[in-house]
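Asks: Predicted model, plus sequence, below.
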Amino acid sequence: MKKVLGLFVLFYCTNAHSLSVDLNEARTIVAPRIEYDVKQDTIKTVGATEITNTSGQRLTLIDSYISERGEEIAGADVKLWLGDHVYIESDNIVREGDITIARHATFTACDDCDSFGNAWQISTYKIIHNDDTRMLKFFSPVLRVYDVPALWWPYFEMPDPSVKYKTGFLMPDLESTNKMGTQVNIPFYISLSDTHDMTFTLSYLTQENPLFQLQHRLNAPHSEYRTQGSFTHNQAGENRWHIFNDDIIELGENARATIFLERTSDKTYLQKYGFYSDQPYLDSGAKLELFGQSSYVVADAHIFQELRNSSGTWAAPDGNILPNIRAVYQTAPIFQETYATFATDILGISGDGTSTQRVIGDVRLTTPWTLWGGNRLTASLSARYDLYHFNNTQMVNGDLFSGFKNRFLPSGYLEWGLPMYRAASKWTQILEPRARITMMRHMDEEELALNNDSAGTILTDSTLFSTNRLSGLDLWENGTYADYGMRWAAFSPKGDNIEVFLGQSYDFTDRPSIDMNSGFHNGLSDYVGRISYNNMRGINLATRFRLSQDDLSLNHMETSARLGKGKNFLNIGHIWSQNLNTELVDVIDVNEAIVGAGIQLTDRWSMRWNAVYSMAYDQFMRHGGGLFYSHPCYYLSIEYRHDNTIKDDYIGNTTFQFKFGMAINGQQY
């Protein structure tokens, strides 16, 4: 017989069937049968009994005896419930004010989670629960996994399941690298309020000095603030660190401010310590956005930190941007469906003793028509004026220039399309020819600075029918050109869809300069297209390609495929691009594959793996994977990561990581 002392004051009520006894609208007894002894002023229940007190604390037992005023409660299989699947079972549970003491007790948050027993439970000679602090204290606890002793420690303390946030140590995790040895991460969680907390992590490394990490989170009304950073003084005597910050502030329904900071001590620190996510450079600055029903204004500033080794093979951010202001306003229909768009762009770039400031104003009038037979016609006219101020800036021709330049850039386009539908019970098909002619003012290539915000262009299916085929505003697509293509699509009632597109561009004016790998030529460009299939049931295939306009040979292809759904999947991506620039010393084609796979081994065990492999260099660039176990009451994972990057003092790395944690009422510890 197990007993409980001094928990509840009860109210009299009897019934031959299941009933509830209610005292002061908050205290209840539920049992199949309740008997009240008037002379002894005691209550006896028969069968499974549930007693709930004013605080919501629940007690279950069988065949209970309750003394006068609830001073003594006795019964079999006594369990004090702290949550849906959380209880304390004890031979003796005593309540003294706000303190509940259970002796020779068992605690678990995994009741009925497995048919063959609790996944884990803690047995201890004493548990103390404090209603005021809502903390559970365990004395000489033993962790049992499926009733097998697994771990003992002298003392353990944790919040009860009613606590959402509580300051204290979190479950540590382990990592092991081939460069810095074993790394033990010990996180300490600090709860400042329900909307404000931080996590401080001490990382001990066997072959390097300790690493200190800090994460800070604050959710305020209409704003959120996120900061993370790390610091170490390594064995070489260097201070190495990083800080990332992202703040979003809502300034009413029509305005938002963003502050972002990304900075690190050097180019390789993020990779060496596991904070790197393939970012080529770090971007710090601020942004202000203003929204209107038909208008948008954004003002932002950027300060860059380059992480790549300079090789001159990409367009890296050159200098800092302050300011960058762009405003767009679109009118309501002026007549029929015709509307006007007004845009302004202000940009300032400075760095390395040079600076450039520009102001761009653009007005565009667009009018779409739907004509007989479903023909769609869109006409657009634009007038743009640019004003530049250069200070010691390198121009396209290689000269340094200081002073003002301006230009007037009129343009316009006329676009035609004819979607032709064929509806059927099995497949609905669409065949749509489309063509656009764009007229632009021809400009001298040596008139402007060297790629302030434009890095040229690569011809793709998404570049066609674009009002700006270049990546920025400084470079100008000279002269007149035409885009044309054909799209076919089919849809089934089951959700299957297929799409095929093929198109080309034609330049009527000789281009001032041609990148051999761009796909553009004087006159006819290469052919570009895409093919995709998605059955919405686990098969999604897509490819985009570029074919030589001379002999239809393949110059560029990007392919992606996803097979499967949920945790059973196979992802395959591949990019191949022929390097046609024979002036380069090392002519290396891009030939890279990305593979990812997941397997659901059981309801709770799963595996995931991903890799990037370069066929051009015949090696893995990076790969990683892991084994994961997800249980309602706990989780664990074993993962590895490896990369072959060589940069400055960083030469590849292999990292293994082990994580384990317990969950109580959905909260992870």
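Replies: Okay, I see it.
Asks: Tell me the secondary structure at the spatially most central residue of the chain.
Replies: Centroid check for the chain by C-alpha atoms, centre = their mean gives S277 as the closest residue, at 11.8 Å. Three-state call for S277 (DSSP: H, G, I helix; E, B strand; the rest coil): coil.
Asks: How about S505?
Replies: strand.
Asks: isn't it right next to A482, touching?
Replies: Yes. Using C-beta atoms under 8 Å, S505 is in contact with A482, at 6.9 Å. Using the backbone N, CA and C atoms, a C-beta is placed for each residue, glycine as well.
Asks: Pick out whichever of those two has more residues nearby.
Replies: More neighbours surround S505 than the other of S505 and A482, with 26 against 16 (other C-beta atoms under 10 Å).
Asks: residues in contact with that one?
Replies: Each residue near S505 by C-beta atoms under 8 Å, 6 or more residues apart in numbering is listed here: 459, 463-464, 481-484, 520, 524-525.
Asks: And the helices in the stretch 151-300 of the chain?
Replies: With DSSP state H, counting those that start in this stretch as the criterion, the stretch 151-300 of the chain has helices at 269-272.
Asks: just for it, where's the confidence low?
Replies: Within the stretch 151-300 of the chain, no stretch has pLDDT under 70.
Asks: again with the stretch 551-669 of the chain
Replies: By pLDDT under 70, the low-scoring segments of the stretch 551-669 of the chain are 582-587, 663-669.
Asks: what does the stretch 401-550 of the chain give?
Replies: Looking along the stretch 401-550 of the chain with the criterion set at pLDDT under 70, you get 444-447, 450-452, 454-456.
Asks: From T199, how far off is the closest residue to F200 other than its chain neighbours?
Replies: Among residues not flanking F200 along the chain, F188 sits closest, at 4.9 Å (C-beta to C-beta, 6 or more residues apart in numbering). Note on F188: its distance to T199, by C-beta to C-beta, to the nearest Å, is 7 Å.
Asks: Tell me the residues that contact both of those two, please.
Replies: L170.
Asks: picking that back up, which members of the contacts of S505 occur in strands, if any?
Replies: Among the contacts of S505, the members found in strands (DSSP state E) are 481-484, 524-525.
Asks: Which pair of those spans the longest distance?
Replies: D483 and L524 (11.9 Å; C-beta to C-beta).
Asks: more neighbours, these two?
Replies: More crowded of D483 and L524, by other C-beta under 10 Å: D483, with 21 against 13.
Asks: Spit out the contact partners of the more buried one.
Replies: D483 makes contacts with 435-436, 438, 464-465, 503-505, as judged by C-beta under 8 Å, 6+ apart.
Asks: How about V148?
Replies: V148 makes no contacts at all, as judged by C-beta under 8 Å, 6+ apart.
Asks: So it versus G117, what's the distance?
Replies: On the measure of C-beta to C-beta, V148 and G117 end up 10 Å apart.
Asks: Stretch 530-549: end-to-end distance?
Replies: 16 Å (C-alpha to C-alpha, to the nearest Å).
Asks: contacts for it?
Replies: 459-461, 494-501, 504, 519, 521, 524-529, 553-565.
Asks: Just the buried ones from the residues you listed, in ChimeraX syntax?
Replies: Applied in ChimeraX, the following selects the buried portion of the contacts of stretch 530-549 according to 16 or more other C-beta atoms under 10 Å:
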select :459,460,461,496,497,498,499,501,504,519,521,525,526,527,528,529,555,556,558,559,560,562,564
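Asks: Of the contacts of stretch 530-549, which belong to helices?
Replies: In helices, judged by DSSP state H, none of the contacts of stretch 530-549 are found.
Asks: re earlier: just the buried residues out of the contacts of D483, in PyMOL syntax.
Replies: Per 16+ other C-beta under 10 Å, the buried members of the contacts of D483 correspond to this PyMOL selection:
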select buried, resi 435+436+438+464+465+503+504+505
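Asks: Please tabulate the contacts of D483 in a markdown table and include distance to R546 as additional columns.
Replies: A markdown table is the format used below for the contacts of D483 (distance: C-beta to C-beta, whole Å):
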| residue | distance to R546 |
| --- | --- |
| A435 | 19 |
| R436 | 19 |
| T438 | 20 |
| L464 | 11 |
| F465 | 16 |
| G503 | 11 |
| Q504 | 10 |
| S505 | 11 |
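Asks: Looking at the contacts of D483, spot the one nearest A379.
Replies: For the contacts of D483, the nearest to A379 is R436 (10.5 Å; C-beta to C-beta).
Asks: That closest one and R544, how far apart?
Replies: Applying C-beta to C-beta, the value for R436 to R544 is 19 Å.
Asks: give the contact list for the spatially closest residue to A257 that is not a sequence neighbour.
Replies: The spatial neighbour of A257 that comes closest, neighbours along the chain excluded (C-beta to C-beta, 6+ apart), is I249 at 4.4 Å. Taking C-beta under 8 Å, 6+ apart as the criterion, I249 is in contact with 222-223, 256-259.
Asks: Please type out the PyMOL selection for whichever of these turn out to be buried.
Replies: Buried residues within the contacts of I249, by 16+ other C-beta under 10 Å, are selected in PyMOL with:
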select buried, resi 256
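Asks: measure stretch 272-285 end to end?
Replies: The first-to-last residue distance of stretch 272-285 comes to 25 Å (C-alpha to C-alpha).
Asks: List of residues touching it?
Replies: 175, 179-180, 211, 230, 232, 240, 242, 260-264, 269-270, 300-308, 314, 316-317, 321-322, 641, 649-650, 653, 655.
Asks: which among these end up buried?
Replies: The neighbour-count test (16+ other C-beta under 10 Å) marks 175, 180, 211, 230, 232, 240, 242, 260-262, 264, 269-270, 300-304, 307, 317, 321, 641, 650, 653, 655 as buried among these.
Asks: if you go through the stretch 51-200 of the chain in chain order, where are the strands?
Replies: Assigned by DSSP state E, counting those that start in this stretch, the stretch 51-200 of the chain shows strands spanning 58-66, 72-81, 87-96, 99-108, 120-130, 135-139, 142-145, 148-152, 155-159, 168-169, 173-177, 181-193, 196-205.
Asks: Now do the third one: distance to the chain's middle.
Replies: Going back to what we said before, that points to strand 87-96. On the basis of C-alpha atoms, centre = their mean, to the nearest Å, strand 87-96 sits 45 Å off its chain's mean C-alpha point.
Asks: And for the last one?
Replies: Chain-centre distance of strand 196-205: 21 Å, with C-alpha atoms, centre = their mean.
Asks: Show me what it is packed up against.
Replies: strand 181-193, strand 211-220 (3 or more C-beta pairs under 8 Å, 6 or more residues apart in numbering; DSSP states H and E).
Asks: ok, now which ones touch N239?
Replies: If you count contacts by C-beta under 8 Å, 6+ apart, then N239 has 231-233, 265 around it.
Asks: Likewise for T654?
Replies: 177-178, 640-642.
Asks: redo that, cut-off 7 Å
Replies: 177-178, 640, 642 (C-beta atoms under 7 Å, 6 or more residues apart in numbering).
Asks: Count residues in the vicinity of L371, would you?
Replies: L371 has 10 nearby residues by other C-beta under 10 Å.
Asks: try P632
Replies: Neighbours of P632 under the rule other C-beta under 10 Å: 16.
Asks: Could you pull up the residues touching F658?
Replies: Contacts for F658 (C-beta under 7 Å, 6+ apart) come out as 173-174, 638.
Asks: Of these, just say which sits nearest to G472.
Replies: When the contacts of F658 are ranked by distance to G472 (C-beta to C-beta), D173 comes first, at 43.7 Å.
Asks: element containing the residue nearest to that closest one when sequence neighbours are not counted, please.
Replies: Leaving aside its chain neighbours, D173 sits nearest to K659 (4.4 Å; criterion: C-beta to C-beta, 6+ apart). Using DSSP states H and E, K659 falls within strand 650-664.
Asks: so what strands line up beside that strand?
Replies: Here strand 650-664 is paired, per DSSP bridges, with strand 173-177 (antiparallel), strand 634-647 (antiparallel), strand 667-668 (antiparallel).
Asks: Name the residues of the second one that come out as buried.
Replies: Within strand 634-647, the residues that count as buried by 16+ other C-beta under 10 Å are 634-635, 637, 639-643.
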